[in-house]
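A.B. asks: fold the following for me, if possible:
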Amino acid sequence: VILPGPAPWGFRLSGGIDFNQPLVITRITPGSKAAAANLCPGDVILAIDGFGTESMTHADAQDRIKAAAHQLCLKIDRGETHLWSPQVSEDGKAHPFKINLESEPQDGNYFEHKHNIRPKPFVIPGRSRS
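C.D. replies: I've put the predicted structure just below:
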């Protein structure tokens, strides 16, 4: 994947050999160069501008990315599975950068005993409140 420069590139990175984890994209900024290049959270970065990342620390990777001025070339490994997120639809089309967090309406009539609806203070039998 080649991102045209200059920075900002529009993604957040985690991992590195110092964390015993591969370098992974964790966030994509909506409307960014990374979003336009179809990068996704969960993509593993195998190389940055031709340099393999298997022995890079997190700081080394950041330095390589910051050093890219005219373009940033990333070799990506993308697993078959993607993280699911609920999509918001506007005008019948899924909106890629909005997530619906609204809860489903709930039915309050499922209580078998009406005494469970209102909270009551906790009182230990045999002890007086002070």
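A.B. asks: which phi and psi does Arg27 have?
C.D. replies: Backbone geometry at Arg27, expressed as degrees, to the nearest 10, gives phi -150, psi 140.
A.B. asks: what bridges to it?
C.D. replies: Arg27 has these beta-bridge partners by DSSP bridges: Arg12.
A.B. asks: what's the neighbour count on it?
C.D. replies: Residues lying near Arg27 (other Cβ atoms under 10 Å) number 11. No exception for glycine: its C-beta is placed from N, CA and C like everyone else's.
A.B. asks: what pLDDT is listed against Trp84?
C.D. replies: On pLDDT, Trp84 comes in at 47.
A.B. asks: which residues sit against stretch 62-74?
C.D. replies: With Cβ atoms under 8 Å, 6 or more residues apart in numbering as the contact definition, stretch 62-74 has outside contacts at 1-7, 9, 13, 39, 45, 47-51, 56.
A.B. asks: and it, how far apart are its ends?
C.D. replies: 13 Å (Cα to Cα, to the nearest Å).
A.B. asks: please apply the same query to stretch 55-74.
C.D. replies: End-to-end distance of stretch 55-74 (Cα to Cα): 16 Å.
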